[in-house]
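>>> 3D, please:
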Amino acid sequence: MNYTVENLEKNKAKITVKVDAQDWQNALQKAYEKTKSKYQIGGFRKGHVPYKALVNAYGIGIFFDDALDIILPQEYGKVLEQEKDLDPVDTPEVGINAISDTTLEFTLTVQCKPDFTLGKYTGLEIARDKVEVSEEEVQAEINAKLEEAGAWIPVVDRPAQNGDQVLIDYSGSVDGVKFDGGTAEKQTLTLGSGMFIPGFEEQVVGMNIGDEKDVNVTFPEEYHEKSLAGKQAVFAVKLHEINIKEVPALDDESVKDISEFDTVAEYKSSVKSKIEEKKNAEADSKLENDLIQKIADDSKVEIPQCMIEQQIDDMIQEFEQRLQYQGLNAKDYYKYTGMTQEKLRENYKEMAEKNVKLRLTLEALLKAVQVPVSDEEIDEKIADMAKQAGKTFEEYKGYINDQYREYLRRDLITSKLFEYLKNNNTIK
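Predicted coordinates:
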């Protein structure tokens, strides 16, 4: 293979490759093996037509597309192995200069990573959020735990009220016609939760066990089921049970039930420490983000559009995956909300550009600071992970492949970089 690299404006490179005749012929032969099952010529069984017979019948060009799919990544990979300074950030544009049964010459025009001028990264002043934990925060955390430990008990001597959990049957209709999804039996509902259509729960308040009642509501104009949006509906409701949550009082006995501590004082101290630890972690994370942002703001780079588009692709993929985790389908989400992927791309554009610049800033910092990480430090990290998993170092090390070890190395490098930045800037 012979090739040349020409640097173009705006960090583009033009690679011209002349492929060795034998390599090209090998690719043509592989293309024949891949596609021969499609062809049939008189005198030969389908899939058994010899190479030369196919070339004579249809011309060598029938193999070009598949052969190019084979040879282009192979030759491009060879160039990248040789040209370490090339740092592509997009799929190359391909141009064919010459092609025949013995000759292939092509060009690859590729967008490379942009030039980056790193801003000032030492001697800066930056603020870290002050961490304080109030008594109200501690009590709110404890109340949530007590709420979890609470038990629902039946109520039989009064009507339903907000905060009660009720068991109901309901059957909904619009203009006297029942609709899909509008009927259920023995459905649990916490009054005041806002889980049902606006106005529904308010009309269940005041019902007694055994009561039956027609509940009149209007579906929201933006309701996800378009056939019901804005429509007036009637739900026939029957109330079977009323339950109220009995939450234990905070005392030494309840503390023993909800924690590993024996007294309220010990438990409160532990809760406060955990909140403080969480807030400190959040403050540190925000400080690191603010540091990188401050350095990025002082840095200069002209970001290629393709990098922004790739970042938007990643953000949309992550968003649609989050929808799936929540049991939602992206197609339905777009349909019900009136959002489109095109609108979402536009909304993400500014954030995507910011994220790309932050990533380039971090990469430039890692090159500038050159943080060392030894194999011993990686082993120490693995030893900590082994201890947390209840295994010996040797046992746990067996789960660590080279790829994950490299991930740990990069993680340690990033952590040490931030320690360097904190130590070499003024944190207020």
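>>> what average pLDDT does stretch 280-294 get?
For stretch 280-294, mean pLDDT is 96.
>>> list the buried ones in the helix or strand where Lys245 lies?
Under the criterion of DSSP states H and E, Lys245 resides in strand 232-246. The neighbour-count check on strand 232-246 (16 or more other C-beta atoms under 10 Å) flags 233-235, 237-239, 241-244 as buried. C-beta coordinates here come from the backbone N, C-alpha and C atoms, glycine included.
>>> next: stretch 281-299.
Quick answer for stretch 281-299 (16+ other C-beta under 10 Å): 287-288, 291-292, 294-296, 299.
>>> what comes up buried for stretch 23-41?
23-24, 27-28, 30-32, 35-36, 39.
>>> could you identify the most distant pair in these?
Greatest spacing in the buried residues of stretch 23-41, by C-beta to C-beta: Asp23 and Tyr39 (24.2 Å).
>>> report the separation between the closest residue to Asn208 other than its chain neighbours and Tyr51.
Closest residue in space to Asn208, ignoring its immediate chain neighbours: Pro159 at 5.1 Å, by C-beta to C-beta, 6 or more residues apart in numbering. Per C-beta to C-beta, to the nearest Å, Pro159 is found 87 Å from Tyr51.
>>> got it, and Thr337?
Taken as C-beta to C-beta, the span from Thr337 to Tyr51 is 56 Å.
>>> of those two, who's got more company?
Tyr51 (15 against 11; other C-beta atoms under 10 Å).
>>> can you map out the strands along the stretch 151-300 of the chain?
151-154, 165-174, 177-190, 212-218, 232-246, 300-301 (DSSP state E, counting those that start in this stretch).
>>> per-residue confidence at Phe44?
The model reports Phe44 with a pLDDT of 89.
>>> wait, a strand at it?
No: counting by DSSP: H, G, I helix; E, B strand; the rest coil, Phe44 is not part of a strand but coil.
>>> so how far is Lys38 from the closest residue to it other than its chain neighbours?
Counting by C-beta to C-beta, 6+ apart, Phe44 lies nearest to Ala53, which is 6.8 Å off, once chain neighbours are set aside. Going from Ala53 to Lys38 by C-beta to C-beta gives 14 Å.
>>> follow-up on the earlier one: and the strand holding Lys245 with strand 165-174, angle?
With axes from the mean of the first three to the mean of the last three C-alpha atoms, to 10 degrees defining the directions, strand 232-246 sits at 180 degrees from strand 165-174.
>>> remind me what strand 232-246 packs against, helices and strands.
strand 151-154, strand 165-174, strand 177-190, helix 200-204, strand 212-218 (3 or more C-beta pairs under 8 Å, 6 or more residues apart in numbering; DSSP states H and E).
>>> what is the neighbour count of Met385?
16.
>>> just Asp379 next, same as before
15.
>>> that one should be in a helix, yeah?
Yes: according to three-state DSSP, Asp379 belongs to a helix.
>>> for the stretch 251-400 of the chain, which segments are assigned as helices?
Per DSSP state H, counting those that start in this stretch, the stretch 251-400 of the chain carries helices over the ranges 252-258, 264-297, 305-325, 330-337, 341-369, 375-388, 393-397.
>>> will you turn the ones you listed into TSV that also has distance to Val155?
TSV is the format used below for the helices of the stretch 251-400 of the chain (distance: least, C-beta to C-beta, whole Å):
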stretch	distance to Val155
helix 252-258	22
helix 264-297	29
helix 305-325	37
helix 330-337	37
helix 341-369	47
helix 375-388	46
helix 393-397	53
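>>> which of the residues in the helix or strand of the chain with the lowest mean pLDDT are buried?
Here the helix or strand of the chain ranked lowest by mean pLDDT, DSSP states H and E is helix 330-337, holding a mean of 84. Under the neighbour-count criterion of 16+ other C-beta under 10 Å, helix 330-337 has 330, 333-334, 336 buried.
>>> please apply the same query to stretch 99-117.
99, 104-114, 116.
>>> ok, stretch 164-180 next?
With the criterion 16+ other C-beta under 10 Å, stretch 164-180 contains buried residues 164-170, 172, 179.
>>> cool, and stretch 372-383?
For stretch 372-383, by 16+ other C-beta under 10 Å, it's 373, 378, 381-382.
>>> and what of stretch 266-280?
Buried residues in stretch 266-280 (16+ other C-beta under 10 Å): 267-268, 271-272, 275, 279.
>>> quick one: the helices in the stretch 1-150 of the chain?
Under DSSP H, counting those that start in this stretch, the stretch 1-150 of the chain gives helices at 21-35, 51-58, 64-82, 135-149.
>>> what packs against the last one?
Yep, that's helix 135-149 we're talking about. Helices and strands touching helix 135-149, by 3+ C-beta pairs under 8 Å, 6+ apart, are helix 252-258, helix 264-297.
>>> for the shortest one, same thing?
Using 3+ C-beta pairs under 8 Å, 6+ apart as the contact criterion, the secondary-structure elements in contact with helix 51-58 are helix 21-35.
>>> which helices and strands sit right next to the helix it packs on?
So helix 21-35, by 3+ C-beta pairs under 8 Å, 6+ apart, packs with helix 51-58, helix 64-82.
>>> roughly how far is it from the heart of the chain?
Put simply, helix 21-35 sits 40 Å off its chain's centre (C-alpha atoms, centre = their mean, to the nearest Å).
>>> for it, C-alpha coordinates in CSV please.
Provided in CSV are the C-alpha atoms of helix 21-35 (Å, rounded to 0.1, in the frame of the first residue of the first chain):
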residue,chain,number,x,y,z
ALA,A,21,-2.8,-5.2,-6.7
GLN,A,22,-2.7,-8.5,-4.8
ASP,A,23,-4.6,-7.0,-1.8
TRP,A,24,-7.3,-5.7,-4.2
GLN,A,25,-7.6,-9.0,-6.0
ASN,A,26,-8.0,-10.8,-2.6
ALA,A,27,-10.8,-8.4,-1.7
LEU,A,28,-12.5,-9.1,-5.0
GLN,A,29,-12.2,-12.8,-4.4
LYS,A,30,-13.7,-12.4,-0.9
ALA,A,31,-16.6,-10.4,-2.4
TYR,A,32,-17.2,-13.3,-4.9
GLU,A,33,-17.3,-15.8,-2.0
LYS,A,34,-19.8,-13.6,-0.2
THR,A,35,-22.2,-13.1,-3.1
